[in-house]
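Q: can you look at this prediction? I've put the sequence above it.
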Amino acid sequence: MTNVYIAGMGATAVGEHYGRDLADLASEAARAAFASAPGLAPHQIGALYVGSAYSEELYGQGQLGAYLASMLGLSPSIPAFRIEAAGASSAMALSQAVQAVQHGLPLALVIGVEKVTDHLEDVIEAAQAMAADSNEEALHGITLTAQWAMLMRRYMHEYGYTADAFAPFPINAHANGAKNPLALYRFTIDANKYRKAAMVASPLNLLDCSTLADGAAALLIAGEQLARELDGPRIRIAGAAVATDTPALHRRRNPLELSAARASAHIALGRAHLGVGDVHVWELTDPHGIAATLALEAIGCYEPGTAPRHAAEGAITPTGKTPIATAGGYKARGDVGGASGVYQIIELARQLSGTAGATQVSNARVGLAQSLGGIGATAVSHVLIREA
Amino acid sequence: MNIARHWRERTTRYRLEGQRHRHTGEVRFPSQPPTLDEDPNDWEPYQLSGRGEIYSFSVIRQVPSGYESLGIYPVALVRLEEGPMVTAQLTDCDEADLTIGMPVEMVTRRLMDTGEDGVLVYGYKFRPCIR
């Protein structure tokens, strides 16, 4: 097996791109990825991996592999795959590209893409609920937001918190997102604003709920031989792992334990020969404070019941012990559905290259990105290392 | 219209019928196919009592398509007295009255609106115990 590197990357702004279609967004991201890697050309790509959660339900397009390969001019001969795992779609696509490159494919293109804003909120909520169990959950009018809300209420009950305890998560996300030119929401919020926000699914309010938006992000993934010919800092994907749990929340022994999140992080770290304490910067699936809380505790950064306390003390900010959402996270950068995983990797690569600007984590050499599908029914983790 | 899809779930939705293990007595709800390491003959149909308590709940104000006619509605994870947990809507209650641990019981209600020509989809919801 050869080592695997990030050889190029690019993304569109996250937003309501009313004037642009799915292929247009994917094309911009792929072109930007090649622009960041002057030594590489499209004809070198051996396979295309596309991650998208909602391309059928909200855009009406199947066969996204063949569709985008054709639009990008990679056809007729290239193998192209579309991978769906709800919010973890493009992280899963990356994990498949990593395996192919490990086993000899010189260069792969990974694209995460979503085009969702042609629809109103109710249709988007229903599409997102497809990540849940259709008979046992979605049929009862459940939404993913309500599922996270129920976990938040239970967490508050078991550990004695009020909803205010989760404010540091969106406050940090917005503080960082305000400095990211590609973010959906480029403004800051404070605890007072958080407290006054309208309810979406109690106890989750509007300022603790991410917004699904359009965007595309692309990565060029190269094997060691090709990567050595390129300029710039080498970012190695040192560990990748996928784990799963039951989509139906009520079928879990303890719903507050994200067991797939724990397993995927630990397997990925093990493959990188690293431990939780070696990670300098994190990207998590953090559409709500409770989601970040449960992920941090599942991974083992903090004991169960303590993550909000650490967040209140600044642990999740760029200068804290476990920086998260340095580009704004799901809340401020925007929730790009199945494309989010590639946005996460791009932010970690910027951090590890020392080019993250105002939210740079000093001396960051190891990062871990974790992408969840549904309420952690799928968890995909990637460990990135900057080589000296 | 999905008529067959709703019809084949009738014992689950109308009678709260799950499965009980013939030897261990473990109860599962809803029913599921035997896992690969299980003997299918070990599981028999079993009707649950419909009583349980609220593990957690939320009131949904941003509603998915198909459920607009319900307006704002409460949902819950309910721990049934036989052991399994179930996801369902709550009914016949005010948000202010709901608490974790509150005893609830199953009732049959209309679950969703499939439009003018659609089937009427009924199933279980839970309400605070009235006895």
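A: On my side now, so go ahead. Numbers count the residues shown, from 1 in each chain, chains lettered A, B, ... in the order given.
Q: could you list the low-confidence segments of the chain?
A: Because you didn't say which chain, this covers chain A. Chain A contains no residues with pLDDT under 70.
Q: right idea, wrong chain: chain B
A: Chain B contains residues with pLDDT under 70 at B:1, B:115, B:117, B:131.
Q: ranges for the helices of it?
A: Taking DSSP state H to define them, one finds helices in chain B at B:3-7, B:10-15.
Q: tell me how many other residues surround residue 81.
A: Chain wasn't specified; assuming chain A. Residues near residue A:81, counting by other CB atoms under 10 Å in any protein chain shown, number 19. From N, CA and C alone the C-beta is placed, and that goes for glycine too.
Q: looking at chain B here, not the other one
A: Using other CB under 10 Å, residue B:81 has 14 other residues around it.
Q: surely it and residue B:51 touch.
A: Yes. Between residue B:81 and residue B:51 there is a contact under CB atoms under 8 Å: 5.0 Å.
Q: and residue B:24, how far from residue A:26?
A: Residue B:24 sits 52 Å away from residue A:26, going by CB to CB, to the nearest Å.
Q: err, residue A:19, not the other one
A: Relative to residue A:26, and taking CB to CB, residue A:19 is found at 15 Å.
Q: neighbour count winner among the two?
A: Ranked by neighbour count (other CB under 10 Å), residue A:19 and residue A:26 place residue A:26 first, with 27 against 6.
Q: ok, the more buried one touching residue A:69?
A: No. Using CB under 8 Å, residue A:26 makes no contact with residue A:69, being 10.4 Å away.
Q: contacts only, for the one residue in the stretch 251-388 of chain A that gets nearest to chain B.
A: Proximity of the stretch 251-388 of chain A to chain B (CB to the nearest CB) peaks at residue A:255, 6.9 Å away. Each residue near residue A:255 by CB atoms under 8 Å, 6 or more residues apart in numbering or on different chains is listed here: A:150, A:151, A:154, A:249, B:55, B:56, B:77, B:85.
Q: ranking these by neighbours, who comes first?
A: residue A:150 (30 neighbours).
Q: and the nearest residue to that one once chain neighbours are set aside, what does it touch?
A: Once flanking residues are discounted, residue A:150 sits nearest to residue B:56: 4.1 Å by CB to CB, 6 or more residues apart in numbering or on different chains. Residues in contact with residue B:56, defined by CB under 8 Å, 6+ apart, are A:150, A:151, A:153, A:154, A:157, A:255, B:76, B:77, B:100.
Q: which of those residues lies closest to residue A:363?
A: residue A:151 (34.3 Å; CB to CB).
Q: hang on, the earlier thing: just the contacts of residue A:255: which are in strands?
A: B:55, B:56, B:77, B:85 (DSSP state E).
Q: could you identify the most distant pair in these?
A: Across these, the longest distance by CB to CB is 9.9 Å; it joins B:56 and B:85.
Q: find residues that contact each of the two.
A: Shared contacts of residue B:56 and residue B:85 (CB under 8 Å, 6+ apart): A:255, B:77.
Q: pipe the contacts of residue B:56 into TSV and attach distance to residue A:309 per row.
A: Shown next, in TSV, are the contacts of residue B:56 (distance: CB to CB, whole Å):
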residue	distance to residue A:309
A:150	22
A:151	18
A:153	18
A:154	18
A:157	16
A:255	21
B:76	28
B:77	25
B:100	21
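Q: which one among those gets closest to residue A:137?
A: If you rank those by distance to residue A:137 using CB to CB, residue B:77 comes first, at 10.1 Å.
Q: quick one, what contacts that closest one?
A: Residues near residue B:77 by CB under 8 Å, 6+ apart: A:150, A:154, A:249, A:250, A:255, B:54, B:55, B:56, B:57, B:85, B:86, B:87.
Q: now the strands for the chain?
A: Let's take chain A. Using DSSP E, strands in chain A cover A:4-11, A:47-51, A:80-83, A:107-114, A:199-201, A:204-205, A:215-223, A:235-244, A:281-283, A:366-373, A:378-386.
Q: the chain in question should be chain B.
A: B:17-21, B:27-28, B:43-47, B:51-60, B:73-80, B:85-89, B:103-112, B:121-128.
Q: what's the closest of the ones you listed to residue A:181?
A: Closest approach to residue A:181 among these (CB to CB): strand B:51-60, 34.3 Å.
Q: could you list everything residue A:281 pairs with in the sheet?
A: Here residue A:281 shows beta-bridge partners residue A:367, assigned using DSSP bridges.
Q: wait, isn't it in contact with residue A:348?
A: Yes. The criterion here is CB under 8 Å, and residue A:281 meets it with residue A:348 at 6.4 Å.
Q: what sits in contact with each of the two?
A: With CB under 8 Å, 6+ apart as the test, residue A:281 and residue A:348 both reach residue A:367.
Q: comparing the two, which residue is more hemmed in?
A: Using other CB under 10 Å as the criterion, residue A:281 and residue A:348 rank with residue A:348 on top: 28 against 25.
Q: ok, the nearest residue to that one once chain neighbours are set aside to residue A:239 distance?
A: Using CB to CB, 6+ apart and skipping residues adjacent in sequence, the residue nearest residue A:348 is residue A:367, 3.7 Å away. Using CB to CB, residue A:367 is found at 11 Å from residue A:239.
Q: joint contacts of these two?
A: With CB under 8 Å, 6+ apart, residue A:367 and residue A:239 have common neighbours residue A:383.
Q: so for these two, which residue has more residues nearby?
A: More crowded of residue A:367 and residue A:239, by other CB under 10 Å: residue A:367, with 27 against 23.
Q: was I right about that one contacting residue A:283?
A: Yes. Assessed by CB under 8 Å, residue A:367 is found in contact with residue A:283 at 7.1 Å.
Q: how close does the closest residue to residue B:62 other than its chain neighbours sit to residue A:315?
A: What sits nearest to residue B:62 in space, not counting adjacent residues and going by CB to CB, 6+ apart, is residue A:200, at 5.1 Å. According to CB to CB, residue A:200 stands 26 Å off from residue A:315.
Q: check residue B:108 too.
A: According to CB to CB, residue B:108 stands 48 Å off from residue A:315.
Q: and those two? which has more neighbours close in?
A: Neighbours per residue, other CB under 10 Å: of residue B:108 and residue A:315, the larger number sits with residue A:315, 20 against 14.
Q: number of residues surrounding the spatially closest residue to the more buried one that is not a sequence neighbour?
A: Sequence neighbours aside, residue A:321 is the residue nearest to residue A:315 in space, at 4.8 Å (criterion: CB to CB, 6+ apart). Using other CB under 10 Å, residue A:321 is surrounded by 14 other residues.
Q: go ahead and confirm residue A:321 touches residue A:310.
A: Yes. With contacts counted by CB under 8 Å, residue A:321 reaches residue A:310, the gap being 7.4 Å.
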